[in-house]
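Peer 1: sequence first, predicted coordinates after that:
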Amino acid sequence: MPRYLVNVEGHEYDIELKYRSEKYYASLSGREVEVSLHELGESRALMLIDGNSYEVDVRSNGYDRKKVVFMKGMEIVTEVEDYNLATLRKTAGIDTDASVDRMLTASMPGLVVDVKVAPGDAVSGGQTVLVIEAMKMENIIKARGDGVVKEVYARAGTSVEKGDKLVEFE
């Protein structure tokens, strides 16, 4: 039966799913609960867990382990990983935290055309941070993840070299 390691806000849960007597059961770190599921849409479901009803909406970003669960008016960010893979990863000493670089650097020489952020600004992944002109083309530089701008090193109208600091995030 499928077994997963689920991380919610730094807490790990070992979840194993079982199917017996035409019913589903989830074993949560050794505690077994009965689960019924009625799909309401592509990502939404009505779940009955040990007699309690929950409307759940689970969103994922492609093949990423991160899932966002909307339940009881809350947004819960989780990471779901196959239990065996998680065990192998831990045994090998591989960390799951794909930390986003706090420093955004120039990937090529060019001229800073526009700076779209200032210190203290909150940015989300994919948001345009600045524009650099290189080889007669405007290159839109985007934030790699969510964060807050700590320092802006780039100034419009100045040249940058490959590796120069552009923006630092908190």
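Peer 2: Right, received. Where do you want to start?

Peer 1: next SSE downstream of the one helix or strand residue 81 maps to?
Peer 2: Element membership for residue 81 (DSSP states H and E) is strand 74-82. Per DSSP H and E, the first helix or strand lying C-terminal to strand 74-82 is helix 83-91.

Peer 1: elements contacting that following helix?
Peer 2: strand 3-8 (3 or more C-beta pairs under 8 Å, 6 or more residues apart in numbering; DSSP states H and E). C-beta here means a position set from N, CA and C on the backbone, and glycine is covered the same way.

Peer 1: how many residues are close by residue 129?
Peer 2: Using other C-beta atoms under 10 Å, residue 129 is surrounded by 22 other residues.

Peer 1: right, I mislabeled it, should have said residue 143
Peer 2: 21.

Peer 1: most distant residue from the centre of this protein?
Peer 2: Most distant from the centre of the chain: residue 21, at 36.7 Å, with distances by C-alpha atoms, centre = their mean.

Peer 1: domains in the chain, as residue ranges please.
Peer 2: 3-91, 103-169 (automatic domain parsing).

Peer 1: in TSV: those domains, plus mean pLDDT.
Peer 2: Formatted as TSV, the domains of the chain follow (pLDDT from 0 to 100):
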stretch	mean pLDDT
domain 3-91	86
domain 103-169	89
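
Peer 1: out of the ones you listed, which one sits most buried?
Peer 2: Neighbour counts (mean count of other C-beta atoms under 10 Å) averaged over each of the domains of the chain peak at domain 103-169, with a mean of 15.

Peer 1: on that earlier part again, relative orientation of the strand holding residue 81 and helix 83-91 in degrees?
Peer 2: Put simply, strand 74-82 runs at 80 degrees to helix 83-91, going by axes from the mean of the first three to the mean of the last three C-alpha atoms, to 10 degrees.
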